[in-house]
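K.L.:
quick check, what structure comes out for this input:
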Amino acid sequence: MSALFPVMLDLRGWPCAVLGGNAMAEEKVGLFEGTGARLVLIAEEATPALRQLAAHGAIEWRQRHPRPEDLAEFRLAISAVASREDNAAFAEAAERAGVLFNAADDPAHCRFLLPSVHRQGALVVAVSSSGRCPALAVRIRQRLASIFDAAYAEFLELCEEWRPRISGRIADFSRRRQLWYSLVDSQAIPLLREGRREEARRLAEVLIEAAEKEVAA
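P.N.:
You can find the predicted model right below:
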């Protein structure tokens, strides 16, 4: 297998599909939460949770067996059907249509693989075993979750505030990069972990002001 290319996709407005309505499909549908994708479930039957999502308009449910020709209208599709023969047909149709396709627990018919993901606000940590042992990826993700706690999410909220100022006042990329590393390596995150948000803000202000003065000098 060739090396995988890691990427974070912006799915806002993308038509995406999940094929099948079992527990695995329910798990895959959950991955799309908050992405802004236009999600369609194609399945004859669906779990109670999926039925509820459809009833509330969170997803569109087409209550029938998925067909290879369905793939052409989507940009990304995930199959949760158990049949490898079906997945082979779906994968072939997806290739013809230029659709990103994944078949759950069937890496031979995947154009992309889904990593094990830990989220803390805007922080996304993704781990993949390249399809060789997903359980290992899950265990590594669980270990990382104990390290990257809510303080990191809070830090990124502050970074969103600081970024326009830093980008606007420090034109040189090398100096901007140096400042960002200074902020990341500072005591800001430990302070946030202790609930000392204003101290973290003041520390960041000192570092940003010092960088601005250096540029102005």
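K.L.:
and the residue sitting furthest away from the middle of the chain, how far from Phe155?
P.N.:
The C-alpha centroid of the chain is most remote from Ala217, which lies 41.4 Å away (CA atoms, centre = their mean). Going from Ala217 to Phe155 by CB to CB, to the nearest Å gives 28 Å. The way it works is simple: take the backbone N, C-alpha and C, and place the C-beta from them, glycine included.
K.L.:
before we move on, what about Glu199?
P.N.:
From Glu199 to Phe155 the distance is 13 Å (CB to CB).
K.L.:
and these two? which has more neighbours close in?
P.N.:
Legend: neighbour count by other CB atoms under 10 Å for Glu199 and Phe155, higher for Phe155 (23 against 14).
K.L.:
got phi/psi on that one?
P.N.:
When read as degrees, to the nearest 10, the backbone of Phe155 gives phi -60, psi -40.
K.L.:
domain ranges for the chain?
P.N.:
15-114, 115-148, 150-216 (automatic domain parsing).
K.L.:
want to throw these into CSV with mean pLDDT and distance to Met8?
P.N.:
Listed next are the domains of the chain as CSV, based on pLDDT from 0 to 100; distance: least, CB to CB, whole Å:
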stretch, mean pLDDT, distance to Met8
domain 15-114, 97, 11
domain 115-148, 95, 7
domain 150-216, 97, 14
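K.L.:
please identify the most buried of these.
P.N.:
domain 15-114 (a mean of 18; mean count of other CB atoms under 10 Å).
K.L.:
now do the helices in the protein.
P.N.:
23-31, 48-55, 84-97, 134-147, 150-169, 173-185, 188-193, 197-216 (DSSP state H).
K.L.:
can I get those in a markdown table with distance to Ser128?
P.N.:
Converted to a markdown table, the helices of the chain look like this (distance: least, CB to CB, whole Å):
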| stretch | distance to Ser128 |
| --- | --- |
| helix 23-31 | 14 |
| helix 48-55 | 26 |
| helix 84-97 | 19 |
| helix 134-147 | 6 |
| helix 150-169 | 21 |
| helix 173-185 | 24 |
| helix 188-193 | 26 |
| helix 197-216 | 32 |
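K.L.:
tell me which of those approaches Arg67 most closely.
P.N.:
For these, the distance to Arg67 is smallest for helix 84-97, at 8.6 Å, taking CB to CB.
K.L.:
out of the domains of the chain, which gets nearest to Ser2?
P.N.:
Using CB to CB, the nearest of the domains of the chain to Ser2 is domain 115-148, at 9.7 Å.
K.L.:
measure that closest one end to end?
P.N.:
End-to-end distance of domain 115-148: 17 Å, with CA to CA, to the nearest Å as the criterion.
K.L.:
how far does that domain sit from its chain's centre?
P.N.:
11 Å (CA atoms, centre = their mean, to the nearest Å).
K.L.:
and for stretch 5-14?
P.N.:
8 Å.
K.L.:
list the buried residues of that stretch.
P.N.:
Leu11, Trp14 (16 or more other CB atoms under 10 Å).
K.L.:
assess the claim that Arg175 and Glu212 are in contact.
P.N.:
No. Under the criterion of CB atoms under 8 Å, Arg175 makes no contact with Glu212, lying 9.8 Å away.
K.L.:
what are the phi and psi values for Gly20?
P.N.:
phi 100, psi 150.
K.L.:
fine, thanks again, bye for now.
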